[in-house]
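Trainee: Fold the stuff below for me.
(chains A and B)
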Amino acid sequence: MDSAISQIDLGEAYLAPSATHWLGTDYLGRDLLARIAAAIIEASLPVMATVTIGFVIAGIFFLAWLPRRFPLPLITGTAVIRSLPAGLLAFGVLLLAGGQQRFEFVLLVIGMTATAGALDHLVNCWERDRHLGYWDAHNAMGGSARRRALQLGMQQGWRQSILQLFGLTIQTSLAIEATLGYLGLGIQEPRASLGNIIAAHYDRALKGYPIPALSAVAALLIISMLPRLLTAQPIGRRKPAWLPRPASTNQK
Amino acid sequence: MIETAADKITEWAQGFVLDGALTTALILGWLAVFTLAVTLVGIFIHGQTGRNPDDKPVRRVKSESSAIPFIVPSLALAPLAIFSAWAAARINLIFPVFEFSGLSDIAIASIAPALLLFIGSGLLGRIITLSRSEWSFWSEKPFVRVDRAFGKNIRSRLAPMVASRILLQSTSDCLPMVFSELIIIESIFNAPGLGFWSWEYAKTRDVESAAKSIAVLFFIYGLINLTIYFANKNLGKKLTGYV
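Mentor: Residues are numbered from 1 along each chain as shown, chains lettered A, B, ... in the order given. Model prediction:
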């Protein structure tokens, strides 16, 4: 696959879509579909994995910290990081750290903001629900705080909101990665990112050949909207159909 | 001493920062206009069509599930808009050259980026959701029922309250995304705002100037956030009086 996506043949540049090249070729004669697939594998999947790892770390840290009270600097810090514009933050950090061309820096910033966002959400949920009647009853019967947070919170009451936050974080992280790629930061040519594919073909698109840029735009739209749609709450239903039903609890 | 400090600030802000801030302010200004306009339209529609909660229970929107804005990446939305406008109506949405354009040209050119930022950052969706939930929430309050029983016009009573809540809530929810997407929107539209300049300087590895632009952007962000915070605090005090 590597040879297919990085094979430069200027004689085949900007070929129209055909049976050989389904989406045509780019400005260096490389197969565009293979480039987009490579961008998803090389850039989008690591971003999704980073966000997932960030959420898992936040969950483990949150459960490990209970039943102690969360320190104010931690609560304030995560809330501040969560409220900052992540794209601007990533851009600034990359510039100031001198890591403009390093994808690892992009992943680091994305992972940091995802972890902070998830932790802030979990702490907020905990502070909101920890004195609910049935939570207090669970406590009175000798149940541990971790068990309450895990079983009554993460697996039941908070599950939908955590899923939605997860979907949103993946969506914004993919948008940030692609944006940084467009701006020339993070992944660099000849490695593929949806952002640098759009950037490489944007001028050509303005001159009347929009297929390469639009293909990458469509891929970005699909890949960024998919996690959000999968975790969205369908109208008139309590949760996505593919989720197992929670064990019944007497929440009243 | 004050003069020296003022001179230093002027010197620091000269050139690209001032020009950039003007363009960014124009885009954010249009964004504010769209936000206000859609909020008022939403309130007007719900005021006209909103049911009387005494007749039939109003479907309440779950705040938790609707609190997350539905965003669309501007990197996808903006090129689509530019290509479609050109292909459909030969309208060029790219910014005119700054040095050869008047303020009115720049102001008109800022409409499209602001509109896309408005849609892409999730503000539009958030306002639509909030206008429904806020209107139904407040129209069920006892003081509204009393007003309705006495035949008073509840629309004029509720509209300012609901509007201010929608504006504050939607802005604070979507502001991070607005500023995140500002760089890419300005870059794609070639709008010489602070985001655009920070990108230009990043390309030439002029880290100091790029950091300067980003610092100004963060300053504007902080200022807007502070305004929202104090407005929220002030409004909260007033609203606790309504039962």
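Trainee: Now name the helix or strand holding the residue in the stretch 1-150 of chain A that chain B sits nearest to.
Mentor: Here the stretch 1-150 of chain A gets closest to chain B at one residue, A:Gly87, 3.1 Å apart by C-beta to the nearest C-beta. Just so you know, the C-beta spots here come from the backbone N, C-alpha and C atoms, and that holds for glycine as well. For A:Gly87, the host element (DSSP states H and E) is helix A:86-96.
Trainee: tell me the average confidence for that helix?
Mentor: The predicted model assigns helix A:86-96 a mean pLDDT of 85.
Trainee: With stretch A:36-51 instead?
Mentor: Mean predicted lDDT for stretch A:36-51 stands at 94.
Trainee: Could you give me the buried positions within that stretch?
Mentor: For stretch A:36-51, a neighbour-count test (16 or more other C-beta atoms under 10 Å in any protein chain shown) marks A:Ile36, A:Ala37, A:Ala38, A:Ala39, A:Ile40, A:Ala43, A:Ser44, A:Pro46, A:Val47, A:Met48, A:Thr50, A:Val51 as buried.
Trainee: what about A:Gly157, how many neighbours?
Mentor: 20 (other C-beta atoms under 10 Å in any protein chain shown).
Trainee: ok, B:Asn232 to chain A distance?
Mentor: 13 Å (C-beta to the nearest C-beta, to the nearest Å).
Trainee: Filter the buried residues of stretch A:36-51 down to just the ones in helices.
Mentor: With helices taken from DSSP state H, the overlap with the buried residues of stretch A:36-51 comprises A:Ile36, A:Ala37, A:Ala38, A:Ala39, A:Pro46, A:Val47, A:Met48, A:Thr50, A:Val51.
Trainee: Leaving out chain neighbours, which residue sits closest to the last one?
Mentor: The shortest distance from A:Val51 to any non-neighbouring residue, by C-beta to C-beta, 6 or more residues apart in numbering or on different chains, is to A:Ala114 (4.5 Å).
Trainee: Past the helix holding A:Gly87, which element shows up next along the chain?
Mentor: Next element after helix A:86-96 (DSSP H and E): helix A:103-129.
Trainee: What average pLDDT does that next one get?
Mentor: Helix A:103-129 carries an average pLDDT of 91.
Trainee: Okay, now the unreliable bits of chain B?
Mentor: B:1-16, B:49-68, B:98-99, B:240-243 (pLDDT under 70).
Trainee: residues touching the spatially most central residue of chain A, list them.
Mentor: Most central in chain A under C-alpha atoms, centre = their mean is A:Ile170, positioned 1.8 Å from the mean C-alpha point. By C-beta atoms under 8 Å, 6 or more residues apart in numbering or on different chains, the contact list for A:Ile170 reads A:Val47, A:Met48, A:Val51, A:Pro227, A:Arg228.
Trainee: Mind telling me what element the spatially closest residue to the second one that is not a sequence neighbour is part of?
Mentor: Translated: A:Met48. With sequence-adjacent residues excluded and distances taken as C-beta to C-beta, 6+ apart, A:Met48 is closest to A:Ile170, at 5.6 Å. Secondary-structure assignment from DSSP H and E places A:Ile170 in helix A:159-182.
Trainee: List the buried residues in that helix.
Mentor: Quick answer for helix A:159-182 (16+ other C-beta under 10 Å): A:160-182.
Trainee: can you check stretch B:22-35 too?
Mentor: B:Leu22, B:Thr23, B:Thr24, B:Leu26, B:Ile27, B:Leu28, B:Trp30, B:Leu31, B:Phe34, B:Thr35.
Trainee: Okay, B:Leu235 and B:Pro160: tell me how far apart.
Mentor: 10 Å (C-beta to C-beta, to the nearest Å).
Trainee: and what of B:Val144?
Mentor: Distance from B:Val144 to B:Pro160, by C-beta to C-beta: 13 Å.
Trainee: Ok, B:Thr23 next?
Mentor: For B:Thr23, the distance to B:Pro160 - C-beta to C-beta - is 32 Å.
Trainee: A:Thr25 - nearest residue in space that isn't next to it in sequence?
Mentor: Closest to A:Thr25 by C-beta to C-beta, 6+ apart is A:Leu15, at 4.3 Å.
Trainee: Ok, A:Ala216 next?
Mentor: Using C-beta to C-beta, 6+ apart, the closest residue to A:Ala216 is A:Ile197 (4.1 Å).
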